[in-house]
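>>> Build the 3D model from these lines:
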Amino acid sequence: MEDLKNIIRDIPDFPKKGIIFKDITTLLADAMSYQRMVDLISHRYVGKKIDKVVGVEARGFVIGAALAYKLGAGVVLVRKPGKLPGETYKRSYDLEYGTDSLEIHTDAIKKGERVLIADDLLATGGTISAVVEMVRALGGEIVECCFLAELSFLDGRKRLPDDKVFSLLTF
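Numbering: from 1, shown residues only. Down below sits the predicted model:
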């Protein structure tokens, strides 16, 4: 796993001073690393009867779509408000300085469908906890929330369902 960790570059002071941003685009751009990441994560869910993989805007789309393909599941997009056509369910959540919102199509998940939530990075857990609430509101059963990487020092997994968090890499 160290080889995958080492290909992810640190960008200091992005998006604001004092933050060290974990830039996964270097991993995505390297075909062998990207394939290995998708294979390692998807292997965990083979045989788990995943109906839908929810990808969270925007890097979660890249991971979620690849996982859905490997697992033979549908892809559901969670986006910023106003980006999805048709009827949507909206959930607002708190950030460190203010609030943000996400939307999902109201017909994207049927009652009882088994759902894997996928994103690139687990930090404080605010975004993904909102997505968990959205999936549950639509009647989906959360199989797990999976991430390429987790910033463990931010304790984001504490905001998510017990025993339903998997991170391939930990920083």
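
>>> ok, the residue nearest to the spatial centre of the chain - contacts?
Residue closest to the average C-alpha location in the chain (Cα atoms, centre = their mean): Asp119, at 1.7 Å. Asp119 sits next to Gly55, Val56, Arg59, Gly60, Ile63, Gly64, Thr127, Ile128, Val131, Cys145, Cys146, Phe147 when contact means Cβ atoms under 8 Å, 6 or more residues apart in numbering. Every C-beta, even on glycine, is put in place using the N, C-alpha and C of the backbone.

>>> Select from those every entry located in helices.
When the contacts of Asp119 are checked against helices (DSSP state H), the matches are Arg59, Gly60, Ile63, Gly64, Thr127, Ile128, Val131.

>>> Nearest to Leu4 among these?
Nearest to Leu4 among the ones in helices among the contacts of Asp119: Ile63, at 12.9 Å, using Cβ to Cβ.

>>> Burial check on that closest one, number of neighbours?
Residue neighbour count, defined by other Cβ atoms under 10 Å, stands at 26 for Ile63.

>>> same question, Lys17
Neighbours around Lys17, by other Cβ under 10 Å: 7.

>>> Tell me where the chain has strands.
9-12, 20-23, 52-56, 74-78, 88-95, 98-105, 114-122, 141-150, 165-170 (DSSP state E).

>>> Could you list the low-confidence segments of this protein?
96 (pLDDT under 70).

>>> how about the residue nearest to Ala149 when sequence neighbours are not counted, what does it touch?
Using Cβ to Cβ, 6 or more residues apart in numbering and skipping the chain neighbours, the partner closest in space to Ala149 is Leu169 (4.3 Å). By Cβ under 8 Å, 6+ apart, the residues touching Leu169 are Met1, Leu4, Lys5, Ile8, Leu148, Ala149, Glu150.

>>> Great, nothing more from me.
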